[in-house]
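**Q** Quick one: sequence plus predicted model below, questions after.
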Amino acid sequence: PHTYDFTLAAYATTDGGTSWVEAPPLALEPGWGGISDPTLAWDSAGNVYLAALPFPPGTNSQIGIAIYRSSNGGLTWSAPKLIHQSPGDDKQWAAADNSASSRSFISDLGS
């Protein structure tokens, strides 16, 4: 499409998928028209991280890669943190290394 006229919504389940609850809208920073292309990863403490591509209003050019964090299974989400800024960002992915011997480098994402 020539313009992006959508954004993401998050849903959570606490009963294995029998029922779902819509989370409050994911926050957008000033100048963001929406976010797209979500990917999720969970850490060993049960936090879930959502990586998405924010874009300006009325365009399909990405601003970069943003990360949201939920500490309650996706019922609520933190404000976004822009971790990379480039209009060429695309096809981001998230993965977690839950090994106890691995060094943590995402603690600055906050709660």
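**A** Here it is on my side, so go on.
**Q** what does the model give the spatially most central residue of the chain for pLDDT?
**A** Taking CA atoms, centre = their mean, the centroid of the chain lies closest to residue 50, which sits 2.6 Å from it. Looking at residue 50, its pLDDT is 94.
**Q** now swap in residue 2 and tell me
**A** Residue 2 carries a pLDDT value of 61.
**Q** separation between residue 92 and residue 62?
**A** Note on residue 92: its distance to residue 62, by CB to CB, to the nearest Å, is 9 Å. Every C-beta, even on glycine, is put in place using the N, C-alpha and C of the backbone.
**Q** Have a look at these two and say which one is more surrounded.
**A** For residue 92 versus residue 62, the count of surrounding residues by other CB atoms under 10 Å is larger for residue 62: 24 against 18.
**Q** Apart from its neighbours in sequence, what residue is nearest the residue nearest to the centre of the chain?
**A** The shortest distance from residue 50 to any non-neighbouring residue, by CB to CB, 6 or more residues apart in numbering, is to residue 68 (4.4 Å).
**Q** Any stretches of the chain with poor pLDDT?
**A** Low-confidence segments of the chain (pLDDT under 70): 1-6, 102-111.
**Q** didn't residue 59 look like it was pressed against residue 33?
**A** Yes. Counting by CB atoms under 8 Å, residue 59 touches residue 33, with 7.2 Å between them.
**Q** more neighbours, these two?
**A** For residue 59 versus residue 33, neighbours defined as other CB under 10 Å are more numerous around residue 33 (18 against 13).
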